[in-house]
Structures are given as C-alpha cells and as structure tokens.
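>>> sequence first, predicted model second:
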Amino acid sequence: MDTRKFGTCFFEQYAQILLSALLGSEFDDLVNRDRPDLQSPDGKSIGIEVTRAMEENKTTEQALLNDLAGLTRGYNDDDLEQILEWGYAYGLKGGKYIGTKELPYWKMALPLRRILASKVSKMQNGFYGHFDKTGLFVFSKDDLTAADALKTMNYILSLQKNLDNRYNCLYLTDVNDLFVFNLDDGISAGARMARYGISQEQRQAFYQEAVKRQIQPLS
C-alpha cells in the first residue's frame, strides 16, 4: 500500500504528532496511509482511523466562515498571521478559528453519533483491514468535558457490542485535552479512560510541526 502524500493529510499528521508526544514511542513511526489513515510501517501492528466531529449546520453563514477562516483582516496577532499564511488553524487560538484549507474538512463533518456509527460499521465490514491494535481518533472543534467523552465511549461500546471486528481504542481530542479509552472487553469502567492535558505551548508545537510537514513532505 503506497504512502499518502503528506500535503493532503494535515489532521492525520497532527494526530500522529499528538499521540507520539503524549502517549510515547509506540506511535513515533506511524505513517500516513489509507484505510486506515495512520499505520505502523509493518502494516499490521497498529492501525488508526482519523475523523472529525462537528454539527452539520455549523458555520453556515459565509460571513462567519470568512471570520473563522482568518480571512477577515485587521488582526495584529502572530497566530492569525500563521493561519492566513498556511491555511490551518487547529490547535491555535483555543480552537476559535478555522483555516481556509480546513474548511472542507469541517464543513463535510457529520454529527458525532453518525460518524461513530459509520466508522464502526466499516470496521465490522473489514474496510480497514486487520491489525493487532486498531484505534479511532476523533477531532472535535468544540470543547469536551469528561462527561461528554464518557458518553462517546459508552456509545461506541454499545455499537461494538457482539461484533467480531472492533476498535481496541478510542482517541477523542479537542484543542485542550486528549481522552484515551480502552475499548477491549474485561476492563472496568473506572479504568477505561485516561485524560491528557494539552498546554498552549504543546498546541503551538504540534501545529507548527504539522504545518512543516505540509511544506516539507516526509520521504
């Protein structure tokens, strides 16, 4: 399976950078491929599908889209200058802005429950192949509480109940936190979730590294 062009994979790259920084070396060598988006080089140890969650009717007014995309001039702010120059914003300004290159990614998003149902169905049907460990990484443009994250975990557990092909792990992130859920059987409810805070400095570093990979694709 050929490695995908990094120029089309900002969010997959951002996910890999975040996982490697917060969860460790197990994720250092993940590469961009298709079905699923991130894979271990051997194509069998780890596979992670990356997706996004946003209400269908969000950012529908063009004026709001322009503002969110950083197209409205007049700001004296280094972060907004970077958004205007590179077209990406995720992780900057506390998640307030959307970059122009991100607009199709977020505008096409379906509500979270429908996203999860679709991804679980594809997993069951073997769409993502077979890996020793398969994860689902979900970006959110909205702030998530622990209660929101737990509801998401419980929903995907209910969807996967009694299925043969299932995700082993759910990664759910907004710009401030990464929630990691172990979805395997035999795990107590209290031990399923881990929460990792993401500092402003980390967000800036993740963003800049992901953008760097757009400008200078990895070989």
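The structure has been received and is ready for your questions.
>>> so, low pLDDT: which residues of this structure?
1-8, 55-77, 216-219 (pLDDT under 70).
>>> quick one, what contacts the most centrally placed residue in the chain?
When CA atoms, centre = their mean is applied to the chain, the residue found nearest the centroid is Phe139 (3.7 Å). Contact partners of Phe139, counting by CB atoms under 8 Å, 6 or more residues apart in numbering, are 11, 15, 50-53, 90, 173-174. All C-beta spots, glycine's among them, are computed from the backbone N, C-alpha and C.
>>> the same query, at a cut-off of 7 Å, please.
Shown in contact with Phe139 (CB atoms under 7 Å, 6 or more residues apart in numbering): 11, 52-53, 173.
>>> among the residues you listed, name the buried ones.
11, 52-53, 173 (16 or more other CB atoms under 10 Å).
>>> what segments of this protein are helices?
10-23, 62-68, 78-86, 103-107, 112-124, 146-160, 200-215 (DSSP state H).
>>> can you redo those helices as CSV with distance to Gly95?
CSV is the format used below for these (distance: least, CB to CB, whole Å):
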stretch, distance to Gly95
helix 10-23, 13
helix 62-68, 11
helix 78-86, 12
helix 103-107, 11
helix 112-124, 16
helix 146-160, 14
helix 200-215, 9
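>>> which one of the contacts of Phe139 is nearest to Lys151?
Ala53 (12.3 Å; CB to CB).
>>> pretty sure that closest one contacts Ile115?
Yes - judged on CB atoms under 7 Å, Ala53 makes contact with Ile115 at a distance of 5.8 Å.
>>> who's in contact with Asp177?
So Asp177 contacts 144, 195-198 (CB under 7 Å, 6+ apart).
>>> among the residues you listed, which one has the most neighbours?
Neighbour tally across these (other CB atoms under 10 Å): the maximum, 21 neighbours, falls on Leu144.
>>> ok, for it, nearest residue in space, not its chain neighbours?
Among residues not flanking Leu144 along the chain, Asp174 sits closest, at 4.8 Å (CB to CB, 6 or more residues apart in numbering).
>>> pull the number of nearby residues for the one you found.
Residues within reach of Asp174, counting by other CB under 10 Å, total 23.
>>> likewise Gln82?
19.
>>> which residues touch it?
Residues in contact with Gln82 (CB under 7 Å, 6+ apart) are Leu92.
>>> could you say which of the helices of the chain is packed most deeply?
helix 10-23 (a mean of 22; mean count of other CB atoms under 10 Å).
>>> against Asp29, how distant is the nearest residue in space to Ala205 that is not next to it in sequence?
Leaving aside its sequence neighbours, Ala205 sits nearest to Ala21 (CB to CB, 6+ apart; 7.8 Å). The gap separating Ala21 from Asp29 is 14 Å, by CB to CB, to the nearest Å.
>>> hang on, the earlier thing: which among the contacts of Phe139 gets closest to Ile156?
Ala53 (12.1 Å).
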